[in-house]
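A.B. asks: Can you look at this prediction? I've put the sequence above it.
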Amino acid sequence: MAYPELQSGEGDFVSTIHKIGQRDFFSVLELGTIKDPQERKRVSQVVKDYDLSVGFGAQPIILGRNLNLNAIERDIRRFALQTLKEYVDQASELDAASFVIMSGKDTGDGDRLLAYDYLAESISKLCDYAAQFSMNIVLETFDRSVDKKALVGPSDEAADLAKTLKPSYPQFGLLYDMGHMPLLDEEPFEALSLLKNYLSEVHLGNCVKTPGSPIFGDKHPRFGFEGGVNDTKELVIFLKALFDTGYLSESISSAELPWVGFEVRPHQEETSQQILDNIQHT
């Protein structure tokens, strides 16, 4: 997200990772599709050189290709599942520890329960497939009514879904994004309390709720962006809630640190370097 020119899956990933690794600040890198198999091999090596763990974010793929794991139509679900399995293969070449997905569009009240059943079925099949690579499947929650308008969704419903899947698929978990929280009209402590038993990853970020803004909705502006909801004050409150609900703890050893990542994107002539500087100095 910090390097939008790479989101097509083409470009110089290795040089970019050198820039990130040389900061000596990050320990995990979330990547997306990398079309060139040789570039994937080079990336796999350079992340090891910097001792970076890897997560694979399939959300842009799902959005870009309009994949829907909870579609009422069986053929649409099957196509989405088969497509994502192919990207799990790609993620395995990067030694990714996690594969992050999102649900499809919300169906509305009439078919929502059925859509949840279909989503659970699709996720269970994806978990079965990813198990051969010891890879976790992680579902990120999104807004339901503002921008992405996804099925999942509100934290109480996400927790109910995870409660259903977790006993059979312990490698399944949820990702909660601070930047999506205002779009869901949720509060940090309340939302994280609901999700605490199922959280695998957390994103820190911002959003804009001002109608008419060119980046209205879920566009990942930096902290403190004009018109944005989240800045340093909100970040401190959110981090405190992560400690208060147990996701973060001062007693956790360095070998088992939970994943907390930043998801931010340059806007209005900003550079990727400025965005990463903003992260480190917020």
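C.D. replies: Happy to help now that I have it.
A.B. asks: need the helices for this protein, in chain order.
C.D. replies: When secondary structure is read from DSSP state H, the chain shows helices at 13-21, 37-49, 59-64, 74-93, 112-130, 155-165, 188-195, 232-244, 272-281.
A.B. asks: Worst mean pLDDT among those helices?
C.D. replies: Here those differ in mean pLDDT, and the lowest is helix 272-281 at a mean of 91.
A.B. asks: Could you tell me how many residues sit around residue 2?
C.D. replies: Other residues near residue 2 number 22, with proximity taken as other Cβ atoms under 10 Å. C-betas here are computed from N, CA, C, even on glycine.
A.B. asks: And the one 5 residues further on, by the same measure?
C.D. replies: Using other Cβ under 10 Å, residue 7 has 16 neighbouring residues.
A.B. asks: Was I right to think it contacts residue 59?
C.D. replies: No: the pair formed by residue 7 and residue 59 falls short of the contact definition of Cβ atoms under 8 Å, at 10.9 Å.
A.B. asks: Any chance of the helices of the chain in a markdown table with distance to residue 147 as columns?
C.D. replies: Formatted as a markdown table, those follow (distance: least, Cβ to Cβ, whole Å):
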| stretch | distance to residue 147 |
| --- | --- |
| helix 13-21 | 27 |
| helix 37-49 | 30 |
| helix 59-64 | 10 |
| helix 74-93 | 20 |
| helix 112-130 | 19 |
| helix 155-165 | 17 |
| helix 188-195 | 18 |
| helix 232-244 | 19 |
| helix 272-281 | 20 |
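A.B. asks: Which one, of those helices, ends up nearest to residue 209?
C.D. replies: Residue 209 lies closest, by Cβ to Cβ, to one member of the helices of the chain: helix 232-244, at 12.7 Å.
A.B. asks: among the helices of the chain, which is nearest residue 208?
C.D. replies: If you check each of these against residue 208 by Cβ to Cβ, helix 232-244 wins as the nearest, at 13.4 Å.
A.B. asks: Taking helix 188-195 as reference, get the angle to the closest one.
C.D. replies: Counting by axes from the mean of the first three to the mean of the last three Cα atoms, to 10 degrees, helix 232-244 lies at 30 degrees to helix 188-195.
A.B. asks: Going by neighbour count, list what's buried in helix 232-244.
C.D. replies: Of the residues in helix 232-244, those with enough neighbours to count as buried (16 or more other Cβ atoms under 10 Å) are 234, 235, 238, 239, 241, 242.
A.B. asks: Relative to residue 270, which of the residues you listed is nearest.
C.D. replies: Proximity of the buried residues of helix 232-244 to residue 270 was ranked by Cβ to Cβ; the top entry is residue 235 with 18.4 Å.
A.B. asks: so who does that closest one touch?
C.D. replies: Taking Cβ atoms under 8 Å, 6 or more residues apart in numbering as the criterion, residue 235 is in contact with 178, 204, 223, 282.
A.B. asks: What of residue 67?
C.D. replies: For residue 67, the residues meeting the contact criterion (Cβ under 8 Å, 6+ apart) are 61, 79, 80, 83, 84, 104.
A.B. asks: Just the buried ones out of the residues you listed, please.
C.D. replies: Buried members of these, scored by 16+ other Cβ under 10 Å, are 61, 80, 84, 104.
A.B. asks: okay, now the closest residue to the last one other than its chain neighbours: neighbour count?
C.D. replies: In space, not counting the residues next to it along the chain, residue 104 is nearest to residue 68; the distance is 3.0 Å by Cβ to Cβ, 6 or more residues apart in numbering. Around residue 68 there are 23 other residues, counting by other Cβ under 10 Å.
A.B. asks: Residue 68 contacts residue 105, doesn't it?
C.D. replies: Yes: with contact defined as Cβ under 8 Å, residue 68 reaches residue 105; the gap is 6.5 Å.
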